[in-house]
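Asker: what shape does this take:
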Amino acid sequence: MSPEVLPPTRRGVLRAGACGLLGAAVGSCGFMPATTPSAQQLAPVEARVDGDLVYFNWADYVDPSVFKGFEKEYGVKVVQSNFDSMEGMVAKLNAGNRYDVVFPSAKWAQRLVRAGRLRRIDHSQLTNSQAIFGRYHYFADPWYDPGSAHTVPFTAYKTGIGWRRDRIGELSGSWRDLWSDRVRGKVFLLDDRDEVLGMGALALGLGVSTGDRHDLYRITSLLGTLRPRLRGFSSDSYNNLLNGNALMTQAWSGDMAAMLNQAKDPSVFGFEAPKEGTPINSDCYAIPWNAPHPGTAMLFIDYMLRPENVKKNIEYIGYPMPVAGTEKTYAELVKPFPECMVTEDDLKADLFFRNGSRAAEDARDTAWTHVKAG
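Answerer: Sure, this is the predicted structure:
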């Protein structure tokens, strides 16, 4: 893909993901359906055309040519809407907006499932489902959706450190590299609660999603020593590196892979997955309980799982997709940054951000406020 058609960084927005921000307990997580979904509304559906596809996702997260191919093959239109945060997605669902397919991250998928907001998905209706579940066993029974009964994984990604190799040489392979005097005043952290607190937790050997107040005190104290060294908080990882605003930045692997399409000389950049551990996440396909055209949504998910379409999308957005037969496409894309690869070992390490109790989420919100305020 040429630099001219590169989509903007998929995560150039805040992704705090705190249920406490919604002012609701984790048990309901702010989901307030006007009526309780019936068993029929939550039941699996047949993959068939039952109307146009009403699609709700991050902007520029599917190759436009894949949309066009789907429209042509099934004689439907894709009606697109976009959100800029998980909170924004939930707010639209709570307001009664109806979508056929949405794309929650793992912890938000768990919230939607617990709240009875997602239809079950019959894997036998997806002709390409074994390319995921038969190869990536983690996703056959993930913590956020037992048996993947309501979701299908879309992307998988990790968080690490991106840096200017041409300006500062090699790193030690630790989160502590963010404290290096060589990059003082030229460091960015992601503008994301879980990612920043998670990084501090990993640097201290703590659980990545800890909500323990003593742990959070230790984390905020550590991050307090980094705060004066920062240039700021930003989720626009690759542009900050490209334009020289950053010599080092906390970064999502997919955005670093996307940057390779812009870099004149990729060898001047680096990406590392620190040895203390790297957070892992996944975005999922899901069908809301009140989807107007769930049959078309099933066809769309199956169409997206075709290897040729997965490969197009990997090259377009820079994020790997856990579909057998597409690994080489991503490996080739990230050859300069091999640590962008998400392996079975990464998944087994299970460093996903988890949902906590209301008290834990409130404590994490407070800690994040202190970190940002400095």
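
Asker: quick one: distance of stretch 213-229 to the chain centre.
Answerer: Its chain's C-alpha centre lies 25 Å from the corresponding centre of stretch 213-229 when counted by Cα atoms, centre = their mean, to the nearest Å.

Asker: list the buried residues of that stretch.
Answerer: Across stretch 213-229, burial judged by 16 or more other Cβ atoms under 10 Å covers 215-216, 218-220, 222-223, 226. (Glycine included, C-beta is placed from N, CA and C.)

Asker: and for Pro37, the neighbour number?
Answerer: The criterion is other Cβ atoms under 10 Å. On that basis, Pro37 has 17 neighbouring residues.

Asker: for it, phi and psi?
Answerer: In this entry, Pro37 is assigned phi and psi values of phi -60, psi 140 (degrees, to the nearest 10).

Asker: which helix or strand contains the closest residue to Arg213 other than its chain neighbours?
Answerer: The shortest distance from Arg213 to any non-neighbouring residue, by Cβ to Cβ, 6 or more residues apart in numbering, is to Ala363 (5.4 Å). Ala363 is part of helix 358-373 when elements are defined by DSSP states H and E.

Asker: now that helix: buried residues?
Answerer: Judged by neighbour count (16+ other Cβ under 10 Å), helix 358-373 contains these buried residues: 360-365, 367-368, 370-371.

Asker: try stretch 291-302
Answerer: Within stretch 291-302, the residues that qualify as buried by neighbour count (16+ other Cβ under 10 Å) are 291, 293-302.

Asker: ok, stretch 83-97 next?
Answerer: Along stretch 83-97, these residues count as buried under the neighbour rule (16+ other Cβ under 10 Å): 83, 86-87, 89-90, 92-94.

Asker: picking up where we left off before, so who does the residue nearest to Arg213 touch?
Answerer: Contacts of Ala363 were listed using Cβ atoms under 8 Å, 6 or more residues apart in numbering, and they are 211-213, 216.

Asker: so which of the buried residues of stretch 291-302 belong to helices?
Answerer: 294-302 (DSSP state H).

Asker: quick one: Asn240 from Leu247, how far?
Answerer: Taken as Cβ to Cβ, to the nearest Å, the spacing of Asn240 relative to Leu247 amounts to 9 Å.

Asker: same thing with Tyr144?
Answerer: Using Cβ to Cβ, one obtains 36 Å as the distance from Tyr144 to Leu247.

Asker: and what of Ile121?
Answerer: When distances are taken as Cβ to Cβ, Ile121 and Leu247 turn out to be 44 Å apart.

Asker: who's more crowded, those two?
Answerer: More neighbours surround Ile121 than the other of Ile121 and Leu247, with 26 against 23 (other Cβ under 10 Å).

Asker: contacting residues for the more buried one?
Answerer: Counting by Cβ under 8 Å, 6+ apart, Ile121 makes contact with 44, 148-152, 287, 298, 301.

Asker: what do you get for Glu170?
Answerer: Contact partners of Glu170, counting by Cβ under 8 Å, 6+ apart, are Gly270.

Asker: can I take it that it is in a strand?
Answerer: No - with DSSP: H, G, I helix; E, B strand; the rest coil as the criterion, Glu170 is assigned coil and is not in a strand.

Asker: shift numbering so it begins at 10
Answerer: I'll keep to 10 as the first residue from here, and by that count the last item is Glu179.

Asker: phi and psi next, for it.
Answerer: Dihedral pair for Glu179: phi -90, psi 160, per degrees, to the nearest 10.

Asker: try Val111
Answerer: According to degrees, to the nearest 10, Val111 has phi -130, psi 170.

Asker: pLDDT score assigned to it?
Answerer: Val111 is assigned a pLDDT of 98 by the prediction.

Asker: isn't it right next to Pro297, touching?
Answerer: Yes - taking Cβ atoms under 8 Å as the contact criterion, Val111 and Pro297 are neighbours in contact, 6.0 Å apart.

Asker: what do the two both touch?
Answerer: Common neighbours of Val111 and Pro297, using Cβ under 8 Å, 6+ apart, are Leu102.

Asker: the two: who's more crowded?
Answerer: Comparing Val111 with Pro297 by neighbour count (other Cβ under 10 Å), the higher total belongs to Val111, at 27 against 24.

Asker: so in terms of bridging, what pairs with the more buried one?
Answerer: Legend: beta-bridge partners of Val111 under DSSP bridges are Phe65, Ala295.

Asker: tell me the contacts of it?
Answerer: By Cβ under 8 Å, 6+ apart, the contact set of Val111 is 65-66, 98, 102, 295-297.

Asker: contacting residues around Ile228?
Answerer: For Ile228, the contacting residues are 206, 209-210, 213, 215, 219, 376, by Cβ under 8 Å, 6+ apart.

Asker: cheers, nothing more for now.
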